[in-house]
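[1] sequence? don't have it. structure:
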């Protein structure tokens, strides 16, 4: 049983790392292409400036700024596994028409292991995404908050829902889904913390609190 659990943790960690590599490759390729075209962009702006086409200059700069923004990771905490998971899950959410908001203030040197971050974030964000995909809401949005509260690290995921809700899954392998939630609880307990689910103001809120020394 322990071997199966460790295997599950390893799979989740590897998936997150693969996602990070994919995002880094895509970002690098996009940045390389953008850098290659920058000379042409500057020449075009110079040409428009010579002709006093101020409106077109502003529109052109706005377009370039949008391209640069798309090449920039949404979250950059300095912890690779955290960045990988959040950026990857955000990309998945946007592809499904779900808005994704992250307010992340991750302290330095929390002492929380990368694979523990991987399990908590992957499972909680996957559950929220799955709920919104299965039960679309007028406001299909997902909000992630990570911040320090005294000696605890708060990880909170919020998504809109109906008042009657339970933690369920549509995944074929419900047993492994159950292990995912159990792994989250086990990690929270490892850091002498707490895990709470509640429905509040038509939103499903899950909050993990992990104690850390700094």
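    Received the coordinates, thanks. Remember, it's a predicted structure, so these values are computed and weren't measured experimentally.

[2] which strand or helix spans residue 84?
    Using DSSP states H and E, residue 84 maps to helix 80-95.

[3] next, the buried residues of that helix.
    For helix 80-95, the neighbour count (16 or more other CB atoms under 10 Å) marks 81, 82, 83, 84, 85, 86, 87, 88, 89, 90, 92, 93 as buried. Using the backbone N, CA and C atoms, a C-beta is placed for each residue, glycine as well.

[4] what's the mean pLDDT across that helix?
    What helix 80-95 shows for mean pLDDT is 85.

[5] same deal with stretch 183-203?
    Stretch 183-203 shows a mean pLDDT of 91 in the predicted model.

[6] can you give the contact residues for it?
    Residues external to stretch 183-203 that are found in contact with it (CB atoms under 8 Å, 6 or more residues apart in numbering): 5, 8-9, 112, 116, 119-120, 123-124, 152, 158-163, 165, 167, 204-212.

[7] got the end-to-end distance for that stretch?
    End-to-end distance for stretch 183-203, by CA to CA, to the nearest Å: 24 Å.

[8] picking up where we left off before, okay if I get the buried residues of helix 80-95 as TSV plus distance to residue 105?
    What follows is those, written out as TSV (distance: CB to CB, whole Å):
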residue	distance to residue 105
81	17
82	12
83	14
84	18
85	16
86	13
87	17
88	20
89	18
90	17
92	23
93	21
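
[9] ok, of those residues, which one's closest to residue 146?
    residue 82 (7.9 Å; CB to CB).

[10] correct me if wrong: the closest one contacts residue 122.
    No - Residue 82 lies out of contact with residue 122 (CB atoms under 8 Å); the separation is 10.7 Å.

[11] relative to residue 162, how far out is the residue nearest to residue 85 when sequence neighbours are not counted?
    With CB to CB, 6 or more residues apart in numbering as the criterion, residue 85 has its nearest non-adjacent residue at 4.5 Å, and that residue is residue 121. Distance, residue 121 to residue 162, by CB to CB, to the nearest Å: 25 Å.

[12] between those two, who's got more neighbours?
    Comparing residue 121 with residue 162 by neighbour count (other CB atoms under 10 Å), the higher total belongs to residue 121, at 25 against 10.

[13] what's the distance between the more buried one and residue 81?
    Per CB to CB, residue 121 is found 8 Å from residue 81.

[14] between these two, what contacts are shared?
    Common neighbours of residue 121 and residue 81 (criterion: CB under 8 Å, 6+ apart): none identified.

[15] that's a strand at residue 115, yeah?
    No - counting by DSSP: H, G, I helix; E, B strand; the rest coil, one finds residue 115 to be helix, located in no strand.

[16] count of neighbours near it?
    Other residues within reach of residue 115, judged by other CB under 10 Å, total 16.

[17] one step back: filter the contacts of stretch 183-203 to the buried ones?
    8-9, 112, 116, 119-120, 123-124, 152, 158-161, 204-212.
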